[in-house]
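Asker: sequence plus the predicted model coming up.
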Amino acid sequence: MNQKIFEKVCAWSGVICVTLFFVAFAFAGFILPLSPSLSVDEVVAHYQQHATGIRIGMGLMLISSAFYAMFTAAISGQMRRIPGLSLTVTYTQLACGAFASLTFLMPAIFFIVTSFRPERSPELTYMLNDLSWIMLVIPWMPFMPQNFAFAFAIFSDKREKPLFPRWLAFLNIWAPISFTPAILLPFFKSGPFAWSGLFVLWIPAFIFIIWFVLTSLMLSKAIDQEQGQAIA
């Protein structure tokens, strides 16, 4: 029973992770993200007015990285139940998920550094703000092999009753592809390809939420199925 509870916590850590992530943004006053087109004075004013909230929020984002690691472990644990699946596929998902945890941890640290001394030179705060947002949005790369490995595992399950539904594999292919427009953000300070834009932030954020919730749900069901088989 204790083992099942642990596995369930890991499975639902995806929802916990994304919840902490967006609560962090609420504390920091980033629900409407700072646009890269803002002036130095506007950016500095935000950090001066929200310094405490940013520090609290980014502390929560730091914690979210741990839950993402647990979520990744839950996926790998269930992938190993698929007959004939190469361990290389499972290890790819696990290694890339561990790498992806840094995409939660590192931006949080940068935002904390930016808010740590709001009285510093405005130009330095401006530069650190750029670094923080770009580090938050641009590193989609580890998510792609992680999700593709999971999709490959789902497609590899040829049993009459596969562990995961096929639509989850398509979601794991589509989701990281939706993140790729972020590679264009260095060329834009406004519009849909800026770090605060529709294609770089809002659409990926919406898909990210859907992916976390549905994957957590399917992992939880897979764990229940495993327990039922063990009892039988």
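Answerer: Ah, there it is.
Asker: do you have the helices of the chain handy? List them.
Answerer: With DSSP state H as the criterion, the chain has helices at 2-28, 40-49, 51-79, 87-116, 122-137, 143-156, 166-179, 203-231.
Asker: figure out which of those is closest to residue 192.
Answerer: For residue 192, the closest of the helices of the chain is helix 203-231, at 8.9 Å, according to Cβ to Cβ. All C-beta spots, glycine's among them, are computed from the backbone N, C-alpha and C.
Asker: would you mark the buried spots in that closest one?
Answerer: For helix 203-231, a neighbour-count test (16 or more other Cβ atoms under 10 Å) marks 204-205, 207-208, 211-212, 214-216, 218-220, 222-223, 226 as buried.
Asker: for the lowest-mean-pLDDT helix or strand in the chain, packing partners?
Answerer: Using mean pLDDT, DSSP states H and E, helix 203-231 stands out as the lowest-scoring helix or strand of the chain, at a mean of 87. Using 3 or more Cβ pairs under 8 Å, 6 or more residues apart in numbering; DSSP states H and E, the elements in contact with helix 203-231 are helix 2-28, helix 51-79, helix 166-179.
Asker: the ones you listed into a markdown table, with extra columns for mean pLDDT, distance to residue 126 and mean neighbour count?
Answerer: Output for those, formatted as a markdown table (pLDDT from 0 to 100; distance: least, Cβ to Cβ, whole Å; neighbours: other Cβ atoms under 10 Å):
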| stretch | mean pLDDT | distance to residue 126 | mean neighbour count |
| --- | --- | --- | --- |
| helix 2-28 | 94 | 17 | 19 |
| helix 51-79 | 97 | 15 | 21 |
| helix 166-179 | 96 | 26 | 18 |
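Asker: can I get those in JSON lines including distance to residue 156?
Answerer: Converted to JSON lines, the helices and strands packed on helix 203-231 look like this (distance: least, Cβ to Cβ, whole Å):
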{"stretch": "helix 2-28", "distance to residue 156": "21"}
{"stretch": "helix 51-79", "distance to residue 156": "9"}
{"stretch": "helix 166-179", "distance to residue 156": "10"}
